[in-house]
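[1] Turn this into a structure:
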Amino acid sequence: MSSSTSAVSPARHAPHLASGLLLAGAGSIAFSGKAIIVKLAYRYGVDAVTLIMYRMLFALPLFLGLAWWSHRQARDAATLTRRDWLGIAGLGLTGYYLASFLDFWGLQYISASLERLILYLNPTLVLILGWLLYRRRISLRQSLAMAVSYGGVLLVFGHEALSGLGSEAALGALLVFGSAASYAIYLVFSGEMVKRLGSMRLVSLATSVACVLCLLQFVLLRPLSAALVAPEVIWLSILNATVCTFAPVIMVMMAVERVGPGLTAQTGMIGPMSTIAMGVLLLGEPFTGWIVAGTVLVMVGVFLVTRTGRT
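    Have a look, this model is predicted:
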């Protein structure tokens, strides 16, 4: 009985493995395309506050629809309490509003390649937060792996700083690092709410909160005349909201269901490479040995961190 089951199981799950890996890879590439679209939009004289407003304006109906659908699909959907709404608001503030805005702002000053490498440090930040908040032990291997990752980022950052960007590179890197830290806070504190509400429902509601905050930020900080932007900015924002925001959220969630979070995260290592390739082809960013070496160090370090974290 057990032998026949084990013989059938791989064939039965092979389509799920293939589709899961495809979804994880496509989702990672789509997420990475966000930086390219933002850099393209900046060429039309728009600022970060206005640009993220348009991204969230077009994404909001999609995530509200996803929230409604996920609630209908859940057989025993938990009724949202006041504490749930406060948690969703907090996660939306840190994980999607603040992380997105700092990222958009930082991209005004650094290359898309460096931005993606900094964001890819996220697992190391989760590890550090776990140690700070819960005193979870960080092994020597994990410490060395983190040192390798940060060394890779410093290598690429140093190259950009020496190429004439100077203080702008430092400001941009600091802003994007703040974005990565903000999203790491979201990951650390979202665990219990994911169990209660489900990942799709939580993501859709928290992202909807972030969309509203970005719209409110624009109303408070900019005159309405600032919404008059080049048509290219509108089309790029629609592309950003759909292909690089909403679609990858769905694809990554579906990938997790098929192959699990570990394999999905490992497949996501294609993200930095795709950002570098698109940056070179679409933005004319340089492709040097410094970038290659830094990318390899970051990816190896993060891979070792995630691997040792599961052993």
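[2] what pLDDT does T311 get?
    The model reports T311 with a pLDDT of 44.
[3] Which SSE is immediately downstream of the helix or strand containing S143?
    Using DSSP states H and E, S143 falls within helix 140-160. On the C-terminal side of helix 140-160, the nearest following helix or strand under DSSP H and E is helix 167-189.
[4] residues in contact with that following helix?
    The contact list for helix 167-189 (C-beta atoms under 8 Å, 6 or more residues apart in numbering) reads 87, 90-91, 94-96, 98-103, 105-110, 114-115, 118-119, 121-122, 125-126, 128-130, 133, 153, 157, 160-161, 165, 206. For glycine as for every other residue, the C-beta is placed from the backbone atoms N, C-alpha and C.
[5] In this structure, where is pLDDT below threshold?
    Per-residue confidence for the chain (pLDDT under 70) gives these ranges: 1-15, 74-78, 164-166, 261-262, 308-311.
[6] Which secondary structure state does E285 sit in?
    Counting by DSSP: H, G, I helix; E, B strand; the rest coil, the backbone at E285 sits in coil.
[7] I'd like the distance between it and H159.
    Here E285 is placed at a distance of 12 Å from H159 (C-beta to C-beta, to the nearest Å).
[8] hang on, the earlier thing: the helix holding S143 to helix 167-189, inter-axis angle?
    Interaxial angle of helix 140-160 relative to helix 167-189 (axes from the mean of the first three to the mean of the last three C-alpha atoms, to 10 degrees): 150 degrees.
[9] now helix 140-160, how far from the chain's geometric center?
    Relative to the mean C-alpha coordinate of its chain, helix 140-160 is positioned 19 Å out (C-alpha atoms, centre = their mean, to the nearest Å).
[10] same check, this time on stretch 30-49
    Counting by C-alpha atoms, centre = their mean, stretch 30-49 is centred 15 Å from the centre of its parent chain.
[11] before we move on, what about stretch 266-274?
    12 Å.
[12] Contacts for that stretch, please.
    With contact meaning C-beta under 8 Å, 6+ apart, stretch 266-274 is reached by 21, 24-25, 27-29, 31-33, 113, 116-117, 120, 252, 255, 259, 295, 298-299, 302-303, 306.
[13] ok, L22 - how many residues close by?
    Neighbour count for L22, taken as other C-beta atoms under 10 Å: 15.
[14] Make residue 1 into 216 and carry on from there
    All set: I'll call the first residue 216, so the last point we hit is now L237.
[15] helix, strand or coil for it?
    helix.
[16] secondary structure element for I252?
    Here I252 sits within helix 217-257, counting by DSSP H and E.
[17] after that helix comes which helix or strand?
    Following helix 217-257 in sequence, per DSSP H and E, is helix 263-288.
[18] Just the buried positions in that following helix, please.
    By neighbour count with 16 or more other C-beta atoms under 10 Å, helix 263-288 contains the buried residues 263-275, 277-278, 281-282, 285-286.
[19] ditto for stretch 236-243
    For stretch 236-243, the neighbour count (16+ other C-beta under 10 Å) marks 236, 238-243 as buried.
[20] where's the nearest residue to L317 once chain neighbours are set aside relative to S419, distance?
    Distances taken as C-beta to C-beta, 6 or more residues apart in numbering place S394 nearest to L317, at 3.9 Å, with adjacent residues excluded. In this structure, S394 and S419 are 21 Å apart, going by C-beta to C-beta.
[21] Equivalent analysis for T521, please.
    To S419, T521 is 26 Å away according to C-beta to C-beta.
[22] which of the two has more neighbours?
    Between T521 and S419, counted using other C-beta under 10 Å, the more crowded position is S419 (26 against 20).
[23] Quick check: that one touching A282?
    Yes. With contact defined as C-beta atoms under 8 Å, S419 counts as touching A282 (3.9 Å).
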